[in-house]
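Novice: Build me a model:
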Amino acid sequence: MVEVPQARFGAVMETLGSRRAEMVHMEVGERVRAEFVVPARALFGFRSLFLSLTGGEGVLSHTFHGYGPQAGPIPTRATGSAVAMEAGVATAYSLHRLQERVQFFIEPGTEVYVGMIVGEHVRENDLEVNVTIAKKLTNVRAAGSDENLRLIPPRRLSLEEALEFLAEDELLEVTPKGLRLRKKVLDPSQRKRLVGR
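Specialist: Here you go, the predicted model:
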């Protein structure tokens, strides 16, 4: 069941339609109240998208309706993953260099391993990145070279958002200290061979 202002109902309806939802009831007033039957897998990550679509003014609740046949494919993300190609500790210098192309899930000082997903690439393909490169130190100081690096804060994924983010060749690691995303095949050369098949 969703309840949203009339002006924002179109976007919610379109998004639910792409996720294989079927409307079963609707009441129109100042706010539109509608009931849908939606596959459970289509609701992964929908809550945060719903809040964005309604500007925080929508109400969303769901209960189990029943089992049914598979509804068909549900659209997935159109972006790729940024995958660590070197093990080590992430540095602010490396993250700063890459932040135009990658929205990071990690911050400086995070320990990474080969095959770990460290962020979301802005394009549809996966991007191998080295987030462990440290700035080379010299004895010569140039004017303005010691500026503070301004990093965009990392995106923190909830369990639901992490499950929605996963592609078919990716896994989610749940640990007591947090969530980590990784490729099923960690070695980059083996991943390329599998893609070539």
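
Novice: Show me the shaky parts of the chain.
Specialist: Within the chain, the ranges that satisfy pLDDT under 70 run 138-147, 196-197.

Novice: Longest helix of it, counting residues only.
Specialist: helix 6-18 (DSSP state H).

Novice: Next up, the contacts around L151.
Specialist: Listed by C-beta atoms under 8 Å, 6 or more residues apart in numbering, the contact set of L151 reads A92, L95, H96, Q99, E107, P108. For glycine as for every other residue, the C-beta is placed from the backbone atoms N, C-alpha and C.

Novice: Repeat that for E35.
Specialist: So E35 contacts M1, M23, V24, H25, M26 (C-beta under 8 Å, 6+ apart).

Novice: quick one: strands adjacent to whatever helix or strand it lives in?
Specialist: Element membership of E35, judged by DSSP states H and E, is strand 31-37. Applying DSSP bridges, strand 31-37 is found paired with strand 2-5 (antiparallel), strand 22-28 (antiparallel).

Novice: Now mean neighbour count too, for those strands, in TSV please.
Specialist: Output for the strands paired with strand 31-37, formatted as TSV (neighbours: other C-beta atoms under 10 Å):
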stretch	mean neighbour count
strand 2-5	20
strand 22-28	11
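
Novice: Kindly report the domain assignment for this structure.
Specialist: 2-60, 80-196 (automatic domain parsing).

Novice: Relative to I74, which of those domains is closest?
Specialist: domain 2-60 (5.0 Å; C-beta to C-beta).

Novice: Would you mind listing the residues in contact with the closest residue to N130 other than its chain neighbours?
Specialist: Sequence neighbours aside, E86 is the residue nearest to N130 in space, at 4.8 Å (criterion: C-beta to C-beta, 6 or more residues apart in numbering). By C-beta under 8 Å, 6+ apart, E86 lies in contact with V112, V114, N130, V131, T132.

Novice: For the second one, list the residues it contacts.
Specialist: It stands for V114. Here V114 is in contact with A84, M85, E86, A87, L186, D187, P188 (criterion: C-beta under 8 Å, 6+ apart).

Novice: Then P154?
Specialist: So P154 contacts F104, F105, I106, E107, G119 (C-beta under 8 Å, 6+ apart).

Novice: run the last query once more with 6 Å
Specialist: Shown in contact with P154 (C-beta atoms under 6 Å, 6 or more residues apart in numbering): F104, F105, I106, E107.

Novice: what's in contact with stretch 159-170?
Specialist: Under C-beta under 6 Å, 6+ apart, the answer for stretch 159-170 is F44, G45, L172, L179, K183, K184.

Novice: quick one: which of those is most hemmed in?
Specialist: For the contacts of stretch 159-170, the largest neighbour count, defined by other C-beta atoms under 10 Å, is 21 neighbours, found at K183.

Novice: can you give me phi and psi for that residue?
Specialist: phi -80, psi 150 (degrees, to the nearest 10).
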